[in-house]
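>>> What follows is a protein structure lacking sequence information:
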């Protein structure tokens, strides 16, 4: 009898890139549904167009780099980048905005560094920051919840017409940033941008992303360190600088946890295994840094939300964090600081 | 002794300070956000470079090795001051825009590098020509970056040329893309890094293609009979 010779490892792993990416895509479904329910079909259109662009750019660059197309396209990493970008961009974004953002994310953020696993920065956040800096007007036109007409939105997406008046609305973080004289209660009562705890509608989206994130945590796609660090950093900072309900207040911890891109960032961006820190302690510090920076940018920076900037800044710091948080090697008493050549 | 042709090829392409040596990156990235800024800065740098190279070559016999660097820097600083005064006299507004980058020509590595590597070992004519070619190579790269950044950033080219060429040049502006919204990143510092990187990649690719073409054009060298053990070069 001829036995088939199978080499080790014999355990069937569930941690292959393709599986991981598919789980991430699955976990983003609640957020996508919440966004679609609240802001109209714009998110879905963003999603479709961004995915098409990302796959196109990925294929083109892979062909230029003479890498196997099918193998790399089937790991779905480009698709995850596209989905994260599409969720971060305003619904019904003009087509060229999404094109430029995904182009920068895939070509400059990922492939020019050597492809998946080699990028020092989170590609989706890199693409997001490029368009945020370059096209501030288009990037701040979030439609008010439940008002988005699909036809107007579609025209805006295709670049045929401008958004009708009253279509866009300042987000809660915007309103808080521009507020000079109103107390928190007055602001809450006056501005339609505020919901029960955080930004109107955005709080539901945040909770949906939290649900998706908890699913990923349950599936053990990442450890708890990075998201908990990030949320703790944000909550701690907002608790320290809360300042009650006065007109110079920066909002309560709960408000910050349920506004802007907090949950999307905490569970889908900060947990990026490539551009983040490696060890568990390192991930905790990495997340903590992101949380603190997000609050600093929200409270005292020039932009209403700072998730993308915070993540990119901490990506820069990740190698240093790794250097100082190297875990103890089994059999050695002290952790070895740094990396020895020829190890 | 290098021929003039070799010096020109070296400065403009093969050993270009902007694309190959990557010297003087500070002005190259800092003020290349429009054609007029890039051209003004490129001209000033080229002029200082040509004059300083000639001056260094002139006194190279009289300067000992021990004091050469202070002497070179003094020559360069004096020439930079001349250029700065000239710019204040004739192109005052451009001088205000370029600001600190004009006095910083003194510390530009290209100039000290060429003084040390070329001018101190060659005669006046060759050294001056080398300075001119290196300066032109630097200026051309700068104008190329400036043009790409201005075009991507504003959709127009050659805006505000009156700052350099007098009031007659005010209508030189070419609006390439009408109704363009502007791509702010290209004007900001990251745009300079991206454009420079892409230019370097383009030059390397072009060099590769040219090398492959010359290799293909050369006649096939017949392979001599092989021996099992090779101890030396087989003639």
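Yep, it's here. Because the structure is predicted, anything quoted here is derived from the model rather than measured.
>>> okay, CA-based contacts and neighbour counts for the rest of this
OK.
>>> pLDDT weak spots in chain B?
B:1, B:223-235 (pLDDT under 70).
>>> For it, what lies in contact range of chain A?
By C-alpha under 8 Å from any C-alpha of the partner chain, the residues of chain B that approach chain A are B:182, B:183, B:184, B:185.
>>> Could you pick out which of these are located in helices?
Mapping these onto helices (DSSP state H) picks out B:184, B:185.
>>> From the residues of chain B next to chain A, pick the one nearest residue A:3.
The closest of the residues of chain B next to chain A to residue A:3 turns out to be residue B:185 (C-alpha to C-alpha; 61.6 Å).
>>> ok, now which ones touch that closest one?
A:130, A:133, A:134, B:153, B:191 (C-alpha atoms under 8 Å, 6 or more residues apart in numbering or on different chains).
>>> Show me the residue of chain B that gets nearest to chain A, please.
Closest residue of chain B to chain A, C-alpha to the nearest C-alpha: residue B:184 (4.3 Å).
>>> Test my guess that that residue contacts residue A:135.
Yes. In this structure residue B:184 lies within contact range of residue A:135 using C-alpha atoms under 8 Å: 7.1 Å.
>>> For the two, indicate the residue with more neighbours.
Between residue B:184 and residue A:135, counted using other C-alpha atoms under 10 Å in any protein chain shown, the more crowded position is residue B:184 (20 against 17).
>>> for chain B, what spans make up the helices?
B:4-9, B:25-30, B:35-58, B:68-90, B:92-98, B:109-117, B:124-154, B:162-165, B:184-187, B:189-217.
>>> picking up where we left off before, now, of the contacts of residue B:185, which are buried?
A:130, A:134, B:153, B:191 (16 or more other C-alpha atoms under 10 Å in any protein chain shown).
>>> and the residues you listed, which two are the farthest apart?
A:130 and B:153 (13.1 Å).
>>> which non-adjacent residue is nearest the residue in chain A that chain B sits nearest to?
Ranked by C-alpha to the nearest C-alpha, the top residue of chain A for proximity to chain B is residue A:134, at 4.3 Å. Leaving aside its chain neighbours, residue A:134 sits nearest to residue B:184 (4.3 Å; criterion: C-alpha to C-alpha, 6 or more residues apart in numbering or on different chains).
>>> what's the distance between that neighbour and residue B:86?
33 Å (C-alpha to C-alpha, to the nearest Å).
>>> do residue A:321 as well
51 Å.
>>> of the two, who's got more company?
Higher neighbour count among residue A:321 and residue B:86: residue A:321, with 21 against 14, using other C-alpha under 10 Å.
>>> phi, psi of that one?
Dihedral angles of residue A:321 (phi, psi; degrees, to the nearest 10) stand at phi -60, psi -50.
>>> Just the pLDDT at it, thanks.
At residue A:321, the pLDDT value in this model is 93.
>>> Adding distance to residue A:243, write the contacts of residue B:185 out as CSV.
Formatted as CSV, the contacts of residue B:185 follow (distance: C-alpha to C-alpha, whole Å):
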residue, distance to residue A:243
A:130, 34
A:133, 31
A:134, 34
B:153, 42
B:191, 40
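>>> just curious, which of those residues is nearest to residue A:294?
Among the contacts of residue B:185, and counting by C-alpha to C-alpha, the member closest to residue A:294 is residue A:133, at 16.8 Å.
>>> hmm, which two among the contacts of residue B:185 are most spread apart?
Greatest spacing in these, by C-alpha to C-alpha: A:130 and B:153 (13.1 Å).
>>> If we go by neighbour counts, what in the host helix or strand of residue A:313 is buried?
Element membership for residue A:313, per DSSP states H and E: helix A:307-324. Residues of helix A:307-324 classed as buried by neighbour count (16+ other C-alpha under 10 Å): A:307-312, A:314-315, A:317-319, A:321-323.
>>> TSV please, covering these and showing distance to chain B.
Putting the buried residues of helix A:307-324 into TSV (distance: C-alpha to the nearest C-alpha, whole Å) gives the following:
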residue	distance to chain B
A:307	19
A:308	16
A:309	14
A:310	18
A:311	18
A:312	14
A:314	18
A:315	17
A:317	19
A:318	21
A:319	22
A:321	25
A:322	27
A:323	27
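>>> Where is pLDDT lowest across those?
Among the buried residues of helix A:307-324, residue A:323 has the weakest pLDDT, 88.
>>> measure it to residue A:289 for me?
Separation of residue A:323 from residue A:289 (C-alpha to C-alpha) stands at 16 Å.
>>> So what touches the host helix or strand of residue A:232?
According to DSSP H and E, residue A:232 maps onto helix A:225-240. When contacts are defined by C-alpha under 8 Å, 6+ apart, helix A:225-240 is touched by residues A:250-254, A:256-257, A:262, A:266-267, A:270-271, A:280-281, A:283-292, A:294-295.
>>> Can you tell me which of the residues you listed end up in helices?
Those of the contacts of helix A:225-240 lying in helices (DSSP H): A:253-254, A:256-257, A:262, A:280-281, A:283-292, A:294-295.
>>> which of the residues you listed are buried?
Buried, going by 16+ other C-alpha under 10 Å: A:253, A:256-257, A:262, A:280-281, A:283-292, A:294-295, out of the ones in helices among the contacts of helix A:225-240.
>>> for the residue lying closest to residue A:272 once chain neighbours are set aside, what are its contacts?
Take residue A:272 and drop its neighbours on the chain: the residue closest to it by C-alpha to C-alpha, 6+ apart is residue A:122, 7.3 Å away. For residue A:122, the contact set (C-alpha under 8 Å, 6+ apart) comprises A:109, A:269, A:272, A:274, A:275, A:311, A:312, A:315.
>>> what does residue A:212 give?
By C-alpha under 8 Å, 6+ apart, residue A:212 lies in contact with A:27, A:28, A:29, A:30, A:31.
>>> Can you lay out these as CSV showing secondary structure?
Formatted as CSV, the contacts of residue A:212 follow (DSSP: H, G, I helix; E, B strand; the rest coil):
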residue, secondary structure
A:27, helix
A:28, coil
A:29, helix
A:30, helix
A:31, helix
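>>> who wins for neighbours among those?
Highest neighbour count within the contacts of residue A:212: residue A:28, with 26 neighbours (other C-alpha under 10 Å).
>>> and residue A:281, what does it touch?
Residue A:281 neighbours (C-alpha under 8 Å, 6+ apart): A:225, A:325.
>>> Can you read off the pLDDT for it?
For residue A:281, pLDDT reads 93.
>>> And for residue A:150?
Reading off the model, residue A:150 has pLDDT 66.
>>> What count of nearby residues applies to residue B:206?
Neighbour tally, residue B:206, other C-alpha under 10 Å: 12.
>>> ugh, wrong one, I meant residue A:175
Applying other C-alpha under 10 Å, I find that residue A:175 has 19 neighbouring residues.
>>> That one and residue A:193 touch, don't they?
Yes. Using C-alpha under 8 Å, residue A:175 is in contact with residue A:193, at 7.4 Å.
>>> residues touching the nearest residue to residue B:60 once chain neighbours are set aside, list them.
Spatially, and ignoring its direct neighbours in sequence, residue B:60 is nearest to residue B:120 (5.5 Å; C-alpha to C-alpha, 6+ apart). Going by C-alpha under 8 Å, 6+ apart, residue B:120 touches B:56, B:57, B:60.
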